[in-house]
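S.K.: Got a predicted structure plus its sequence, pasted below:
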Amino acid sequence: MTDTAQTTVRSVVTEIPGPKSKQMLERKAEAVSTAIPSNLPVFIESANGATFTDVDGNTFIDLGCGIGVTTIGHTNEAVVAAVREQVGRLTHSLVGQTPYEPYVRAAELLNELTPGDHKKKTIFVNSGAEAVENGVKFARKYTGRRGVAVLDHGYHGRTALTGTMNFKIAPYANGQGPTVSDVFHAPNSYPLHDGLDGAAAAKRTQWYLEKHVGVEDLACLVVEPIQGEGGFIVPADGYLPALQEWCTKNGVVMIADEIQSGVSRTGATYASELLGWTPDVVLTAKGIAGGMPLAAVTGRAEILDAMHLNGVGGTFGGNPVSCAAAIAVLEQVKSLDLDSEAKRIEEALVRRLREMQDKYSVIAEVRGRGAMIGVELIDADGEPVAAGPFAAEAGRNGVMALTAGADGNVLRFLPSLIITNEQLEEGMDVIDAAFATVLNS
Ligand SMILES: *Cc1c(COP(=O)(O)O)cnc(C)c1O
């Protein structure tokens, strides 16, 4: 915890949005597609540690981290230094033309940090969705099969394939032409709503896949160990290991989409480990490089080496500056003991949110692991309650929080792992007040 500016405090000095943000929002409306929202309608000017400051001088406690990206904190010293150094030396070469060492070093670190002691290999791409696409390519090539299975409430990206893999086709793929074939959706484990234990939920998932696809056509099952966009759904104990056993028995590659849950987010370096699962392939993105764009596919060497020469790749994948940032992040996983920091955050968030649950009956469940904690909101009639107004009220008071869930009824928190206890408690004070204000309005 070396970043001195982490002590920066929340400070709201204008209405939200302030006058400068308002002007920029008008320019945005003129210049940028209206498809891109502004959920917290302020323009960020700078950020450090667990806070960011907008163009009107308001400083927010960041419980969102750009959706779990700046896990190591905004402008982490080692990341900034690595980027500065690399950007002055080499910004591009295309690894398949002329390789460079940072790509290899970042791959070594991921091979070491991802779950399991088996021999692993890695490739880098530009985004989470692209990691999913490439994970599927490897699985299809390795198995010679076509089918891609996913779970209800999953989220995997916004390309044609990953858009089809999402539980919510609306809004992520509707109105945009044909979806992709050979994608099969099966029920997940959702303890709050299905009441099933891990074995029973796994049996249900397997039954669906055996009927919907037929395992001899199934190349892979792609699963987020803790579902992110779906609302921080933690599967019942034993669910993931049972699915992996079934996949192994049937020659199906099981892929962990750890794009949101990876890189110490949940109190283990990868959430799969926490849930007793050693996946065949692991996808990393969001938290990997302190905000620099980078994503990775890491998996059993025999799976990644099954691809023919030039069957995967791309111009920008594994950019040297992004790789330098990733090395700086991944080398701090152990030195800053980030897994323990996530556990510290879990203790504080769960304690505070349970107190709120006692006061506000709309909070049906507090769930998640590490610094990936959310609350599902349900009214007395069992209907979902939108989390948006609570996030907006927190935003007006200098705290950035996110929403999630099939019905937008999960308020989710993804603070950076270097957030101080004081910042966390203050953030939770604001969330508590937001519940009181919105519920009484
Ligand atoms: C964000 C996310 C993706 C997509 O990543 P992009 O970088 O936005 O393409 C895929 N899977 C999960 C679990 C995610 O959270």
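M.R.: In hand now; what should we look at? A quick note: this is a predicted structure, and the numbers were derived from the prediction, not measured.

S.K.: shaky segments in this protein?
M.R.: 1-7 (pLDDT under 70).

S.K.: who in it is up against the ligand?
M.R.: With CB under 6 Å from any ligand atom as the criterion, the chain meets the ligand at residues 127-129, 132, 155-157, 224, 228-229, 257, 259-260, 285-286. In short, each C-beta sits where N, CA and C put it, glycine included.

S.K.: Considering these, which is situated nearest to the ligand?
M.R.: The ligand has its nearest neighbour among these in Gly128, at 2.0 Å by CB to the nearest ligand atom.

S.K.: So the closest one versus Glu258, what's the distance?
M.R.: 10 Å (CB to CB, to the nearest Å).

S.K.: what about these two, which has more around it?
M.R.: Taking other CB atoms under 10 Å, Gly128 and Glu258 do not tie; Glu258 has more neighbours (34 against 27).

S.K.: give the contact list for that one.
M.R.: Going by CB atoms under 8 Å, 6 or more residues apart in numbering, Glu258 touches Glu224, Pro225, Tyr270, Ala271, Ser272, Val282, Leu283, Thr284.

S.K.: Repeat that for Arg265.
M.R.: Contacts of Arg265 (CB under 8 Å, 6+ apart): Gly68, Thr71, Ala271, Gly287, Ala342, Gly370, Ala371, Met372, Leu414, Leu417.

S.K.: so where do the helices sit in the stretch 201-350 of the chain?
M.R.: 239-249, 271-274, 301-304, 320-335, 338-359 (DSSP state H, counting those that start in this stretch).

S.K.: which of these is buried the deepest?
M.R.: Using mean count of other CB atoms under 10 Å, the stretch among the helices of the stretch 201-350 of the chain with the largest mean neighbour count is helix 271-274, at a mean of 24.

S.K.: Identify all contacting residues around it.
M.R.: 115, 225-226, 240, 256, 258, 261-262, 265-268, 278-279, 282, 369, 372.

S.K.: mind listing which of those residues are in strands?
M.R.: Taking DSSP state E, the ones among the contacts of helix 271-274 that sit in strands are Ala256, Val282, Arg369, Met372.

S.K.: Most neighbours among these, which one is it?
M.R.: Ala256 (31 neighbours).

S.K.: list the contacts for that residue?
M.R.: Contacts of Ala256 by CB under 8 Å, 6+ apart are Pro115, Val223, Glu224, Pro225, Tyr270, Ala271, Ser272, Trp277, Pro279, Val281, Val282, Leu283.

S.K.: Closest to the ligand out of those residues?
M.R.: Distances from the ligand to those, taken as CB to the nearest ligand atom, are shortest for Glu224 (4.6 Å).

S.K.: and the closest residue to the closest one other than its chain neighbours, what does it touch?
M.R.: Residue nearest to Glu224 in three dimensions, not counting chain neighbours: Asp257, with 4.6 Å by CB to CB, 6 or more residues apart in numbering. Going by CB under 8 Å, 6+ apart, Asp257 touches Gly128, Val132, Gly135, Gly154, His156, Val222, Val223, Glu224, Leu283.

S.K.: Beta-bridge partners for Asp257, please?
M.R.: Legend: beta-bridge partners of Asp257 under DSSP bridges are Leu283.

S.K.: mind checking how far it is from Gly318?
M.R.: Distance of Asp257 to Gly318, computed by CB to CB: 19 Å.

S.K.: Domains in the chain, by residue range?
M.R.: Annotated domains of the chain cover 19-62+338-439, 80-335 [automatic domain parsing].

S.K.: for the ones you listed, which one ends up most surrounded?
M.R.: domain 80-335 (a mean of 20).

S.K.: Now do the end-to-end distance for that domain.
M.R.: For domain 80-335, the first-to-last residue distance is 17 Å (CA to CA, to the nearest Å).

S.K.: Next up, the contacts around the residue nearest to the spatial centre of the chain.
M.R.: Residue closest to the average C-alpha location in the chain (CA atoms, centre = their mean): Gln260, at 1.6 Å. By CB under 8 Å, 6+ apart, Gln260 lies in contact with Ile67, Gly68, Glu224, Ile226, Gly228, Glu229, Lys286, Met372, Leu414.
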